[in-house]
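Novice: The following comprises the amino acid sequence and a computationally predicted model.
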Amino acid sequence: MADLIRVKPDAAPGDVVEALERDGAVIIEGFADEATMEGLRADLGPHLEASDYCESGYDGHRTRRVSSLFARTAHLTPVVTHPLYLGPARTILQRPVPIWIGRSRIEMTPNIHISATQAIQIDPGQGKQPLHREDTLYLRPHPGPTIRLQLMLAMTDFTAENGATLVIPGSHHWDDERAPRYSESIPAEMPAGSALVFAGGVYHCGGRNDTDRPRVGLTLSLDVANLRQEENQYIAVPREAVLAYPEEVRRLLGYDRCPPGVGWFELQDPHLVLEHDGIDQARAAADRMGLRASREAAGAARETVTT
Ligand SMILES: O=C(O)CCC(=O)C(=O)O
Ligand SMILES: [Fe+2]
């Protein structure tokens, strides 16, 4: 079976998009620099060590999982804004949708947001996870538009022996009748610091760890922002932790509106609550701004035909 496409960190985002559209998965070599890897290991390692094994067989009885990652580390900006992750995510997920508002023909482009975050440590003795699709969560029919782009950053080397994520290339094109088989999957082998990017419709799973050392990965997802976030980022990430991130990341964490107007606060941009000292101050600021309807949020809206 053909291996996954591997690209260098200076590849063109278009090459990643092309590989994702065809295979649904691609490996980005040298995705995170050493300082980022060290920061992430220092912040997340102790949480993994302190966590118990998962209770469900699906999550893995010899697997440790830590979530709320944006609350536990401030080192995720270069990960989530990496041009070969965020760039292709915007291209693939933010497809303009034509709509009618009265007799105006308008194109609306949705936003994207961070959906789920987890550090996953597969310990020796853990068997294969069941093959699954990430976007099953949203009960969408397949084949269909990609609504999620998932990242798996290797925190240790990923090998066939230690539980590298197993992927079935091209399976995002399959319908919902075809069952996935392990025999069709290939391990996303990569050194620590490289990352697997894959479409929400691709069958994949954690692999079996036959070695005597843990395999650790950091995963997060970007979804179309008119879906509910898988992990409740408003509860998971306290305000101070959100404020430690730049505006682009805060907006990706959910403090943003998705055109034409999902997610508003007092009919305004919810980022206001981060720009003021609290909800009351933000509400007062919104009142001063008047009823500038959220529909205006569609800064991205482009009127194409009016008759
Ligand atoms: O740990 C892995 O390699 C994949 C885990 C996974 O796909 C999941 O838990 O949904
Ligand atoms: Fe998964």
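Specialist: Now that the structure is in, tell me what you want to look at. Ligands and ions are numbered 1, 2, ... in the order given.

Novice: domain ranges for this structure?
Specialist: As recorded under the TED database, the domains making up the chain are 6-260, 264-306.

Novice: With respect to ligand 1, which of these lies nearest?
Specialist: For these, the distance to ligand 1 is smallest for domain 6-260, at 3.4 Å, taking Cβ to the nearest ligand atom. Just so you know, the C-beta spots here come from the backbone N, C-alpha and C atoms, and that holds for glycine as well.

Novice: Please report the separation between the first and final residues of the closest one.
Specialist: End-to-end distance for domain 6-260: 37 Å, by Cα to Cα, to the nearest Å.

Novice: roughly how far is that domain from the heart of the chain?
Specialist: Between the centre of domain 6-260 and the centre of its chain there are 4 Å (Cα atoms, centre = their mean, to the nearest Å).

Novice: do it and ligand 1 meet?
Specialist: Yes - using Cβ under 6 Å from any ligand atom, domain 6-260 reaches ligand 1 at 120, 122, 129, 152, 165, 204-206, 217.

Novice: Tell me where the stretch 1-150 of the chain has helices.
Specialist: For the stretch 1-150 of the chain, the helices defined by DSSP state H, counting those that start in this stretch cover 13-23, 34-50, 69-72, 77-80, 86-93.

Novice: ok, and for the longest one, which residues are buried?
Specialist: Burial within helix 34-50, assessed by neighbour count using 16 or more other Cβ atoms under 10 Å, is assigned to 36-37, 39-41, 43-44, 47-48.

Novice: buried residues in stretch 120-139?
Specialist: Neighbour-count burial for stretch 120-139 flags 120-123, 126-129, 131, 133-135, 137-138 (criterion: 16+ other Cβ under 10 Å).

Novice: Look up the closest residue to Asp175, ignoring the ones flanking it.
Specialist: Distance criterion Cβ to Cβ, 6 or more residues apart in numbering; nearest residue to Asp175, sequence neighbours excluded, is His142 at 5.8 Å.

Novice: State whether that neighbour and Asp176 are indeed in contact, as I suppose.
Specialist: Yes - counting by Cβ atoms under 8 Å, His142 touches Asp176, with 5.2 Å between them.

Novice: Those two - which one has more neighbours?
Specialist: Higher neighbour count among His142 and Asp176: His142, with 17 against 12, using other Cβ atoms under 10 Å.

Novice: In contact with that one, which residues?
Specialist: Listed by Cβ atoms under 8 Å, 6 or more residues apart in numbering, the contact partners of His142 are 133, 172, 174-176, 201.

Novice: Against Tyr234, how distant is it?
Specialist: Distance, His142 to Tyr234, using Cβ to Cβ, to the nearest Å: 30 Å.

Novice: Make a markdown table out of the residues of domain 6-260 next to ligand 1 and add pLDDT and distance to Ala32.
Specialist: Formatted as a markdown table, the residues of domain 6-260 next to ligand 1 follow (pLDDT from 0 to 100; distance: Cβ to Cβ, whole Å):
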| residue | pLDDT | distance to Ala32 |
| --- | --- | --- |
| Ile120 | 98 | 16 |
| Ile122 | 98 | 19 |
| Gln129 | 98 | 24 |
| Met152 | 99 | 12 |
| Thr165 | 98 | 16 |
| His204 | 98 | 20 |
| Cys205 | 98 | 23 |
| Gly206 | 98 | 20 |
| Gly217 | 98 | 12 |
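
Novice: re the thing from before, turn the helices of the stretch 1-150 of the chain into a markdown table, columns for distance to Leu274 and mean pLDDT.
Specialist: Listed next are the helices of the stretch 1-150 of the chain as a markdown table, based on distance: least, Cβ to Cβ, whole Å; pLDDT from 0 to 100:
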| stretch | distance to Leu274 | mean pLDDT |
| --- | --- | --- |
| helix 13-23 | 28 | 98 |
| helix 34-50 | 22 | 98 |
| helix 69-72 | 14 | 98 |
| helix 77-80 | 16 | 98 |
| helix 86-93 | 20 | 98 |
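
Novice: got TSV for these, with distance to Leu272 too?
Specialist: Output for the helices of the stretch 1-150 of the chain, formatted as TSV (distance: least, Cβ to Cβ, whole Å):
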stretch	distance to Leu272
helix 13-23	31
helix 34-50	29
helix 69-72	20
helix 77-80	22
helix 86-93	24
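
Novice: Quick check: which of the ones you listed is nearest to Tyr58?
Specialist: helix 34-50 (18.9 Å; Cβ to Cβ).

Novice: Met155 and Ala192, how far apart?
Specialist: In this view, Met155 and Ala192 are 6 Å apart by Cβ to Cβ.

Novice: and stretch 140-158, C-alpha only, in CSV?
Specialist: In CSV, the C-alpha atoms belonging to stretch 140-158 read as follows (Å, rounded to 0.1, in the frame of the first residue of the first chain):
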residue,chain,number,x,y,z
ARG,A,140,-22.8,13.7,8.9
PRO,A,141,-23.4,11.5,5.8
HIS,A,142,-20.4,10.5,3.7
PRO,A,143,-19.1,11.3,1.3
GLY,A,144,-19.6,15.0,2.0
PRO,A,145,-17.7,18.2,2.5
THR,A,146,-14.8,18.1,5.0
ILE,A,147,-15.9,19.7,8.3
ARG,A,148,-12.9,19.0,10.4
LEU,A,149,-9.1,19.0,9.9
GLN,A,150,-7.3,17.1,12.7
LEU,A,151,-3.7,17.5,13.7
MET,A,152,-1.6,14.8,15.5
LEU,A,153,1.8,16.2,16.6
ALA,A,154,4.3,13.5,17.5
MET,A,155,5.7,14.3,21.0
THR,A,156,7.7,11.1,20.8
ASP,A,157,8.8,9.3,17.7
PHE,A,158,5.8,7.5,16.1
